[in-house]
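[1] pasting the structure only:
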């Protein structure tokens, strides 16, 4: 099962570095696990709620999954759901669009506001 698009959530500092370098090698969490954690559209809200509740601003980046070829694998993760994992760097050339997103008053992000 391959999604048409996969998403990476970055904090603003990592986003700026990604834009300058043209590739992203992963967060400390990604490097520890040996792959870059991604989400599909349906998984985004849960990922934000679990991992970014103390972050005031994030950038959600959309990538065309087909361009990631064999480096993109779907593996069981949270609650046994299959999550996209990238075994290699993210390439800025594969980005289709991005959205800056700020946490609301309760510190929660509303992904539905941007992804529908």
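    Now that the structure is in, tell me what you want to look at. Since we're looking at a predicted model, the values are computed, not measured.
[2] can you report phi and psi for residue 83?
    phi -110, psi 150 (degrees, to the nearest 10).
[3] tell me how many other residues surround it.
    For residue 83, the neighbour count with other Cβ atoms under 10 Å is 18. Quick note: C-beta positions are derived from backbone N, CA and C, even for glycine.
[4] use 13 as the first number for this chain going forward.
    Okay, residue one is now 13; in that scheme the one you just asked about reads as residue 95.
[5] residue contacts, it?
    Residue 95 sits next to 49, 50, 51, 52, 55, 86, 87, 88, 89 when contact means Cβ atoms under 8 Å, 6 or more residues apart in numbering.
[6] swap in 6 Å and give it another go.
    Residue 95 makes contact with residue 89, according to Cβ atoms under 6 Å, 6 or more residues apart in numbering.
[7] pLDDT at it, what is it?
    Note on residue 95: pLDDT of 94.
[8] which strand residues bridge it?
    Per DSSP bridges, residues listed as beta-bridge partners of residue 95: residue 87.
[9] relative to residue 53, how far out is it?
    Per Cβ to Cβ, to the nearest Å, residue 95 is found 12 Å from residue 53.
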